[in-house]
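Trainee: below are the sequence and a predicted model; questions follow.
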Amino acid sequence: MGKFLSGIYNVKNKSKYHGTKDPDYRSSWELKVFEFLDNNPNILVWGSETVVIPYYSKADARSRRYMVDLFIEYRNRKGELIRELVEIKPFAQTQKPTPRGNKKKETYLREVYTYQVNTDKWIAAAKFAKDRGMKFRILTEKDIFR
C-alpha cells in the first residue's frame with residue numbers, strides 16, 4: 001500500500017473487540033488508535049469497519065455504502081456511556097481544496113472529488129449516528145498526536 005504503514009492488528013483484549021477477525025490498519029495513525037482502544041480500560045467495546053452506512057454521493061450521482069473506520073463504546077469522565085462512530089483522516093482531507101500555486105488541474109479536481117465524497121459520507125454518518133443516539137467525529141493527526 002505504497003508508503004503507508006499497513007497490516008493486521010493483533011487484538012489483545014478480545015472480549016471488548018467487536019469483529020469476526022483482527023482488524024486491518026492502513027496507516028500508523030490507525031495503528032496508534034487501535035492500540036489506544038485495545039489498552040484503555042474506559043473503552044468497553046470497539047470495532048473496525050463494523051458499521052456500514054448507505055449514502056448518496058453527489059460527486060458521481062450514485063448510491064454507495066460507507067464503512068466507518070471505528071465504532072466505540074466507552075465511559076466518559078462523568079461515567080456516562082458514550083457510543084461513537086469515528087473516521088480517521090488526514091487533516092488536509094477535511095478541508096475544502098483550493099487551487100493554488102503550481103498545483104496541476106488534475107490534482108485539484110481529484111482533491112475536489114475526494115472532498116465531496118468524504119463530505120457526503122460524513123453528513124450521512126452524522127445523521128445515522130444521531131438517529132441512533134450516537135456521536136460521529138473525525139479524528140485527524142492533530143487529535144491523535146496532541
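Mentor: Happy to help now that I have it. Residues are numbered from 1 along each chain as shown.

Trainee: just the helices in the protein please.
Mentor: Remark: helices assigned in the chain by DSSP state H are 28-39, 105-131, 141-144.

Trainee: OK, contacts around residue 109?
Mentor: Contacts for residue 109 (C-beta atoms under 8 Å, 6 or more residues apart in numbering) come out as none. All C-beta spots, glycine's among them, are computed from the backbone N, C-alpha and C.

Trainee: follow-up on the earlier one: from the helices of the chain, which stretch is densest packed?
Mentor: Highest mean neighbour count of those: helix 28-39, a mean of 18 (counted as mean count of other C-beta atoms under 10 Å).

Trainee: and it, what other elements does it pack with?
Mentor: strand 43-48, strand 70-75, strand 81-88, helix 141-144 (3 or more C-beta pairs under 8 Å, 6 or more residues apart in numbering; DSSP states H and E).

Trainee: tell me the angle of that helix relative to strand 70-75?
Mentor: Interaxial angle, helix 28-39 versus strand 70-75 (axes from the mean of the first three to the mean of the last three C-alpha atoms, to 10 degrees): 40 degrees.

Trainee: I'm done for today, thanks for sticking with me.
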